[in-house]
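Undergrad: Sequence first, then the predicted structure:
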Amino acid sequence: MSKSQPAHESPSTEKRDSQSICGIVMPISSIDGCDAPHWVEVKAILEETIKDCGLVPRLVSEAQTSGVIHKRIVENLYTNEIVVCDVSARNPNVMFELGMRLAFDKPTVLVKDDKTDFSFDTGNIEHVGYPRDLRFSKITDFKSRLKEKILGTRDAAKKDPHYSTFLKSIGDFTLPKMNTREVPRDDFILEQLTRISAEVATVSAMQRASFAVLPPWANATFKIKLEMPSPIPQEKLSLLLTSIKGFRVHRVTVSGTDAEIFGNLFGSQSIEDVTRSIAGLVPGMRVTFGTLS
């Protein structure tokens, strides 16, 4: 008689554990006009493609056991055989985690949507692109290219023990000698997690603060009409306007003693603040604000 399977195990669990993990780093909440459901769709596309490669897809923040989330992220970024990172919308947390993965110099595949520009620091790494509108025909092509890239990257890393996604493509580095001390592995990880937790908390606080202080007109474009006591050359007026704190000028047109300015506010400056500053450039000048969008 054959031995029965232990109650706490199952064939499906054994099969899952025997497969390599492909970590996923990506936005999960609203950013750059893409809401949370959008990222759920993107995640499903990535997971389906990763499974087609014979790998187990898993967000680096996820684990089968409970524990400190920041420790989990660092461990997964270090131990996952390969990581797919979606840098679309340049989410700060995503870019931070990508930086750690590249510092570990482990196999990494980058993807991004067609509305996101390349970042200067990672622009030399090939990105697999996909349409932000997730159009079916183009997504089918994207999945094919992504599968090819994942398998190619994994195979290259297995064949070449010196394979590098990023660091070695820049050049060879010789580190200066430093005084070092040996510390227990757990102490080192705890120290690094404490530092990372502080930095991530700072980034999150900055994001919350930026959303909290923005007034409703912060992203609006304004058309400003000026009635000047005497004509001012367009070049001179444009130069004067650059001194106005909290106002970004897009275009200036001058016709005699009248002028039109297009621009937007930023920072904590109010409409009243900017109006007073512009009016103070030339005595007797009248300023009228109008919102375009």
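TA: Now that the structure is in, tell me what you want to look at.

Undergrad: Now for Met95, how many residues are close by?
TA: Residues near Met95, counting by other CB atoms under 10 Å, number 16. For the C-beta atoms, the positions are set from N, CA and C on the backbone; glycine is no exception.

Undergrad: Hmm, it is touching Val87, no?
TA: Yes - under the contact definition of CB atoms under 8 Å, Met95 touches Val87, with a separation of 6.8 Å.

Undergrad: can you list residues touching both of the two?
TA: Taking CB atoms under 8 Å, 6 or more residues apart in numbering as the contact criterion, the common neighbours of Met95 and Val87 are Ser119.

Undergrad: Can you tell me the number of residues neighbouring Asp258?
TA: Using other CB under 10 Å, Asp258 is surrounded by 12 other residues.

Undergrad: Tell me what it is bridged to.
TA: With DSSP bridges as the criterion, Asp258 is bridged to Glu227, Ser255.

Undergrad: now swap in Val111 and tell me
TA: Partner residues in beta bridges with Val111: Asp86, Val128, with DSSP bridges as the criterion.

Undergrad: if I pick it, what's in contact with it?
TA: Taking CB under 8 Å, 6+ apart as the criterion, Val111 is in contact with Leu46, Val84, Cys85, Asp86, Val87, Ser88, His127, Val128, Gly129, Tyr130, Phe142, Leu146.

Undergrad: From Lys106, how far off is His162?
TA: 13 Å (CB to CB, to the nearest Å).

Undergrad: what's the answer for Asp258, then?
TA: Using CB to CB, we find Asp258 at a distance of 62 Å from Lys106.

Undergrad: just to revisit the earlier point, out of His162 and Lys106, which sits in the more crowded spot?
TA: A count of neighbours by other CB under 10 Å puts Lys106 above the other of His162 and Lys106, at 21 against 7.

Undergrad: wait, Lys143 sits on Ile50?
TA: No - checked against CB under 8 Å, the pair Lys143 and Ile50 is beyond contact range at 10.0 Å.

Undergrad: So these two - more neighbours on which side?
TA: Using other CB under 10 Å, the more surrounded residue of Lys143 and Ile50 is Ile50, with 23 against 17.

Undergrad: Does anything pack onto the helix or strand where that one lies? Which helices or strands?
TA: Element membership for Ile50 (DSSP states H and E) is helix 36-52. Contacts defined by 3 or more CB pairs under 8 Å, 6 or more residues apart in numbering; DSSP states H and E place helix 36-52 against strand 21-25, strand 56-59, strand 82-86, helix 136-159.

Undergrad: who wins for proximity to Val74 among the ones you listed?
TA: strand 21-25 (11.5 Å; CB to CB).

Undergrad: list the helices and strands that closest one packs on?
TA: Here strand 21-25 touches helix 36-52, strand 56-59, helix 69-79, strand 82-86, helix 92-104, going by 3+ CB pairs under 8 Å, 6+ apart.

Undergrad: between these, which one is nearest to Ala156?
TA: The stretch from the helices and strands packed on strand 21-25 with the least distance to Ala156 (CB to CB) is strand 82-86; that distance is 10.5 Å.

Undergrad: which residues touch the closest one?
TA: So strand 82-86 is in contact with 20, 22-27, 42, 46, 50, 55, 60, 77, 94, 97-98, 101, 106-112, 146, 150, 153-154, 157, going by CB under 8 Å, 6+ apart.
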